[in-house]
Structures are given as C-alpha cells and as structure tokens.
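Novice: with the sequence up front, the predicted model follows.
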Amino acid sequence: MQNISRVINQLLEKKNVNISLDELMSDAIKDKDVQKFIKDNKAKLDEGAIEKSSANIYEYVTQKKAVEDELNNPLYGYEPHLIMNDGLIEVSYEPTQASLDKSKQKKLAKQLNYISLPDSLKTASLNDYNDGSEGRFEALAGCASFIRDYLNDEIGKGFFLCGDFGVGKTYLLAATANKLAEKGTPVSVVHFPTFASTIRSQVQNNTAIIEIERLQKTPILMLDDIGAETLTAWIRDDVLGVILQHRMERRLPTFFSSNFSMAELENHLTYVKGDVEPVKAKRIMERIKSLSYEVTISGSNRRNPE
Ligand code: ADP
Ligand code: MG
C-alpha cells in the first residue's frame, strides 16, 4: 500500500493536480458500490480494514470508471469486483457480461455455418416464430420435436418445408439451426441457388470437391430454396445427388426449403436445358423423401406486411 500511495502521489505531483491522496481515497469510499460492499460485509471486516484497504478501494473505483467508459476500457473485457480476503478488501477482475456474451457468440459461430445467407438470420428464434397462426404450426411443431429428439440421441428425419414466397420457410430453418448450434451441434445452412452457381466456378481449382464433401458430412444440413437454382445435369446428379446419397446412407439429418412442393420439384428436376430426364429426377426425389417429411407452410407474405 505504501508503494501504491507513493506512486499515486507522484502522479498527482507530476500532473500538478492539487488534490491530496486522502481526498481521493475519501471520494472512492463514497462510491455507492463500495458503500454497499462495506455494508454487506460489515461482520467480516477486520478493525481498520477500510483504511488498510483504501488503495484497493481506490483502484476498484478508478478501474470501474474506466470500464464504464467503454471506448477506453483498458481491461479488455474484464471488470473489477470487490472481494473479501482475510478480513481485508481486495479487487478481483472478472469477465464482463458483454465479453461472456461475445465468447458464447464465438462458440456458437463455430457450430454454425451460414453459406450465402444473411447474417440477420443468426438471431432467428423459434420463440419468435410462433405467431399462433395455423399455417405455421405443423412445421414449427415438427422442427421443435426434431430438436428435442436429436438432443436425446434419437435422430429423426428432417423436413421439406414448402410454401409460397415470404411465408417464413428460411426463417424457420435458421431458427432451428440456431437452436441446434446453441446446444453444440454443428449445422450448415446453405442458400442452394447461390451455392450451385458458385460451385460451378470452383470446378477448375478443385475446391468444388471440398465443398461438396463438407456438405456430405456436416452433421445437420439445411438446403434453403432448393428448386430456385439454375439447374444443370451436373448440379442435379453430381452435386445434389452425390450429397444426398451420402447423407441418406448415413442417415444424416437434412432439411430443405422450397417454393415447390415435392411433386413440383420433381417436375423442375426433370427438365434440364431441353432434356427430359424423369428417371434422374425420380432418383433425386427418392433421396429427398427418404431424408425428410414434406410440410406445407401457409400464411401471409412476411416480406410485405400490410
Ligand atoms: P421464405 O423463406 O418462406 O420466402 P422468409 O423466411 O425469408 O420467407 O421470411 C420472409 C421475411 O419475414 C423475412 O424477412 C423474415 O426475416 C421475416 N420473418 C419470417 N418469419 C418471421 C418471424 N417469426 N419473426 C420475425 N420475422 C420473420
Ligand atoms: Mg426463403
């Protein structure tokens, strides 16, 4: 304490500040958190403990102010707390709530892989999804029970969410993914049309195969907006077909969202650049059906609320 007092005194002299150390200490003791701490720990304080701890109390109050001034926080995510130690008052530094939230967020980010989807979906939540409307209930209940079962090691089929533009299919996928990731399950949510067009450009440098393998193996895959891609035979058979085949064989949960029903998607997959290939389309549909239950979401277009 001697040393700290001397340092503070020297600093004050250097800055030519006309306040005594005693004045600083007595200001610090008036701080409302300090007062509350003293009151709460009255019985545990040694005689003269406040005086003996005054440098610590001063340190606590100045550091607390520095943390409150967020832009100038020298403590990098930590904040001071007063603690009792052997009858005296000491300062302990613990992570702030904001930094705990940030590290939770980081952990979550490791589990979640949003490919070509907006960041805004990272806050999508199942609790907000329930607006009480009939058209959403079946899909919501299905996703919620999938999560419950999955977390109890009962791995069920995913869902093929279909319905008109704007009814909330992507939002429900994202909310489901967020919940699973929060519980520690890695999930990849992929905007399929964007994925299909970028993967075409990656064929030359072999990264396509890495991307395809990643989607084959991810514990939970969600393909958003399937059917809206510009289809080629390669995308259908060698990208989508290969990913789904692997997942079907290993029973890896897979979700889809589409503006098409399963029957309409089969039609979409049949016609590729003038070729009519119903057998190939059927083969893809068999995999989709074996991986997921079809559920229709109905309701208003949430993109243009009236
Ligand atoms: P779809 O994929 O069916 O076309 P989206 O999931 O993109 O529809 O939803 C359309 C819009 O409505 C988006 O902006 C989305 O964020 C918003 N939205 C959908 N459901 C909810 C919800 N439960 N709470 C808040 N916003 C929602
Ligand atoms: Mg969508």
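Specialist: Looks like it arrived, so ask away. Computed from a predicted structure; not experimentally measured. Ligands and ions are numbered 1, 2, ... in the order given.

Novice: which stretches of the stretch 101-250 of the chain form strands?
Specialist: Here the stretch 101-250 of the chain has its strands, by DSSP state E, counting those that start in this stretch, at 112-115, 158-162, 187-191, 220-224.

Novice: ok, which of those comes nearest residue 41?
Specialist: Closest approach to residue 41 among those (Cβ to Cβ): strand 112-115, 43.2 Å. Where C-beta positions appear, they are placed from N, C-alpha and C, glycine not excepted.

Novice: what about the closest one, average pLDDT?
Specialist: Summarised as a single mean, pLDDT over strand 112-115 is 80.

Novice: which neighbouring elements make contact with that strand?
Specialist: Judged by 3 or more Cβ pairs under 8 Å, 6 or more residues apart in numbering; DSSP states H and E, strand 112-115 is in contact with helix 169-182, strand 187-191.

Novice: can the shortest one be found next to ligand 1?
Specialist: No: looking at strand 187-191 against ligand 1 by Cβ under 6 Å from any ligand atom, there are no contacts, and the closest approach is 10.2 Å.

Novice: below-threshold pLDDT in this protein: ranges please.
Specialist: Along the chain, segments meeting pLDDT under 70 span 1-19, 69-76, 108-109, 304-306.

Novice: close to ligand 1: what parts of it are there?
Specialist: Those residues of the chain that sit near ligand 1, judged by Cβ under 6 Å from any ligand atom, are 128-129, 131, 165-171, 257, 302-303.

Novice: now flag whichever of these is closest to residue 64.
Specialist: Distances from residue 64 to these, taken by Cβ to Cβ, are shortest for residue 128, at 35.5 Å.

Novice: not counting sequence-adjacent ones, nearest residue to the closest one?
Specialist: In space, and not counting its chain neighbours, residue 128 is closest to residue 175: 7.4 Å by Cβ to Cβ, 6 or more residues apart in numbering.

Novice: count the residues that sit near that neighbour.
Specialist: 24 (other Cβ atoms under 10 Å).

Novice: and for the one 4 residues further on?
Specialist: Neighbour count for residue 179, taken as other Cβ under 10 Å: 21.

Novice: isn't it right up against residue 126?
Specialist: Yes: between residue 179 and residue 126 there is a contact under Cβ atoms under 8 Å: 5.8 Å.

Novice: the strands of the stretch 101-250 of the chain into JSON lines, with extra columns for mean neighbour count?
Specialist: What follows is the strands of the stretch 101-250 of the chain, written out as JSON lines (neighbours: other Cβ atoms under 10 Å):
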{"stretch": "strand 112-115", "mean neighbour count": "19"}
{"stretch": "strand 158-162", "mean neighbour count": "26"}
{"stretch": "strand 187-191", "mean neighbour count": "23"}
{"stretch": "strand 220-224", "mean neighbour count": "27"}
